[in-house]
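1. sequence-free structure coming up:
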């Protein structure tokens, strides 16, 4: 690790960061030792010390090819730019954007969740004055099931209010850090490749950045201010990149009049960008996006492969991510729909595949994630249905998945 990065880490842990520039506030603060212990302990327990397995397995499917340029705005994954106003709630806005973008990836529609509820309900210690961190909002959603509701249910008022008994409209299933250095993820800035893979896999990444006067006055172009040695004091989302520019596409929460309509091109490896980078996953909306069967109309020479899966009473939710050739399929099941047959159309022949299954299960010690993986090839010459079976335990909560032939009426 370079001396610059060591100094950056020291600065953040000791000093934190919070600044006000006119009507634009920052609001990213340092994580306390107690908060760090709580987050890392929860993740180790929730993933069974296999968070890195989940991260790498997801990236192998969703981010198998990293393009030289990517812009989430072009994929209908982001809503309008927001303005946090005179409140240090950047952390709440970036957390909301990360959730919304992942929901859009899984459900093909954009939602607008209430940043005000994030500000009200994450913790009384995380407010407009003290600031906060996006990952603590993620923790409150996943561990404590804090409510996520629409913006119209609780509009933003630029100050912390009371956390009422809101009826949740959406739910988060899990979260994690971008860095593969899971021993101490809070003390590392991910590589550019890790950041790109996480954006492709999960959507907008929440992270810290150093914001000074020059950052505030940004109007356009590629911004570069070597900010190592200055503690990140502002939370933003990374929502794309362009290798020809050598820059990240940053989404801010200072309104559309700032920068390039609320966005910035920030040079790679400057201003501490990527610090404590994290992501969150939303629960899929079964009512809208989970057809049990694909269309029966398909081209000559094609066949249908059906995958049958079901949850047991202890499983709350199960989500499937399947890569066949260069095409990705994503579906899920819950106790409301405990048994699903998902059919996909393929050409006759042999196909290489990767399958990742995440299952949220209830145990005596709380909610846990159980991970299922399978990699190999399938030969299919006629319509065929297979049942997904959990087989051999690989390590802790990671299992080998297999397929068994089944006849479905």
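-> In hand now; what should we look at? The model shown is predicted, which means the values in this text are computed figures rather than measured ones. Numbering: from 1, shown residues only.

2. Would you agree residue 270 is in contact with residue 226?
-> Yes - shown here, residue 270 and residue 226 form a contact pair, counting by CB atoms under 8 Å, at 5.7 Å. Bear in mind the C-beta positions are built from the backbone N, C-alpha and C, glycine included.

3. Against residue 46, how distant is residue 390?
-> Distance of residue 390 to residue 46, computed by CB to CB, to the nearest Å: 19 Å.

4. Please say which of those two ends up with more neighbours.
-> For the pair residue 390 and residue 46, the greater number of neighbours falls to residue 46 (22 against 15), based on other CB atoms under 10 Å.

5. quick one: the more buried one and residue 175 touch, right?
-> No - applying CB under 8 Å, one finds residue 46 not in contact with residue 175, separated by 9.1 Å.

6. Could you tell me which residues touch both of these two?
-> Residues touching both residue 46 and residue 175 (CB atoms under 8 Å, 6 or more residues apart in numbering) are residue 142.

7. circling back: with neighbour numbers in mind, choose between residue 270 and residue 226.
-> Higher neighbour count among residue 270 and residue 226: residue 270, with 19 against 13, using other CB under 10 Å.

8. what about the more buried one, which helix or strand?
-> Under DSSP states H and E, no helix or strand contains residue 270.

9. Residue 353: what's its closest spatial neighbour, skipping adjacent residues?
-> residue 324 (4.8 Å; CB to CB, 6 or more residues apart in numbering).

10. try residue 138
-> In space, residue 138 is closest to residue 175, 3.7 Å off (CB to CB, 6+ apart).

11. any idea how far the one you found lies from residue 309?
-> Relative to residue 309, and taking CB to CB, residue 175 is found at 24 Å.

12. Give me the three-state assignment for residue 244.
-> Under DSSP: H, G, I helix; E, B strand; the rest coil, the three-state class of residue 244 is coil.

13. With residue 118 instead?
-> Residue 118 ends up helix, using three-state DSSP.

14. Can you get me a residue count around the closest residue to it other than its chain neighbours?
-> Once flanking residues are discounted, residue 118 sits nearest to residue 92: 4.0 Å by CB to CB, 6+ apart. Neighbours of residue 92 under the rule other CB under 10 Å: 35.

15. need the contact list for residue 92.
-> 84, 115, 118, 119, 122, 126, 132, 134, 137.

16. hang on, residue 49 packs against residue 396?
-> Yes - under the criterion of CB under 8 Å, residue 49 makes contact with residue 396 at 5.9 Å.

17. how does the protein divide into domains?
-> 3-282, 286-405 (automatic domain parsing).

18. Out of those domains, which one sits most buried?
-> domain 3-282 (a mean of 20; mean count of other CB atoms under 10 Å).

19. Next one: the residue lying farthest from the centre of the chain relative to residue 345, how far apart?
-> The outermost residue of the chain relative to its centre, with distances by CA atoms, centre = their mean, is residue 300 at 38.6 Å. Between residue 300 and residue 345 the distance is 12 Å, computed by CB to CB.

20. Below-threshold pLDDT in the stretch 101-250 of the chain: ranges please.
-> 180-187, 227-229 (pLDDT under 70).

21. before we move on, the earlier item: wait, is the residue nearest to residue 118 part of a helix?
-> Yes - judged by three-state DSSP, residue 92 forms part of a helix.

22. now the helices for the stretch 151-300 of the chain?
-> Under the criterion DSSP state H, counting those that start in this stretch, the stretch 151-300 of the chain contains helices at 192-202, 213-216, 286-289.

23. actually the stretch 1-150 of the chain, sorry about that
-> Using DSSP H, counting those that start in this stretch, helices in the stretch 1-150 of the chain cover 3-15, 33-46, 51-62, 90-107, 115-121, 134-143.

24. what packs against the second one?
-> In terms of contact count using 3 or more CB pairs under 8 Å, 6 or more residues apart in numbering; DSSP states H and E, helix 33-46 is assigned the packing partners helix 134-143, strand 172-177, strand 366-380.

25. now the shortest one against helix 33-46, angle please.
-> If you take axes from the mean of the first three to the mean of the last three CA atoms, to 10 degrees, strand 172-177 sits at 120 degrees to helix 33-46.

26. Which secondary structure elements does strand 172-177 sit against?
-> Using 3+ CB pairs under 8 Å, 6+ apart, strand 172-177 sits against helix 33-46, helix 51-62, helix 134-143, strand 275-282, strand 349-363.

27. Report the angle between it and helix 90-107.
-> If you take the same axes, to 10 degrees, strand 172-177 sits at 120 degrees to helix 90-107.

28. who does strand 172-177 pair up with?
-> Taking DSSP bridges as the criterion, strand 172-177 forms sheet pairs with strand 275-282 (antiparallel).

29. wait, what's in contact with the closest residue to residue 58 other than its chain neighbours?
-> Computed as CB to CB, 6+ apart, the closest residue to residue 58 that is not its neighbour in sequence is residue 201, at 4.9 Å. By CB under 8 Å, 6+ apart, the contact list for residue 201 reads 58, 59, 61, 62, 63, 279.

30. Report pLDDT for the first one.
-> At residue 58, the model reports a pLDDT of 92.

31. same check, this time on the fourth one
-> At residue 62, the predicted lDDT confidence score is 89.

32. tell me the contacts of it?
-> 200, 201, 202, 321, 328.

33. Tell me who's in contact with the third one.
-> What it means is residue 202. 58, 62, 98, 102, 105, 279, 280, 281 are the contacts of residue 202 under CB under 8 Å, 6+ apart.

34. what do you get if the cut-off is 6 Å, keeping everything else the same?
-> Applying CB atoms under 6 Å, 6 or more residues apart in numbering, we find residue 202 in contact with 102, 279.

35. Quick check: it vs residue 278, distance?
-> 9 Å.

36. swap in residue 363?
-> Counting by CB to CB, the gap from residue 363 to residue 278 is 24 Å.

37. Ok, residue 301 next?
-> 45 Å.

38. Check residue 206 too.
-> Applying CB to CB to residue 206 and residue 278 gives a distance of 5 Å.

39. just residue 130 next, same as before
-> Following CB to CB, the distance that separates residue 130 from residue 278 is 19 Å.

40. same deal with residue 312?
-> 31 Å.

41. Having no further points to raise, I will conclude here.
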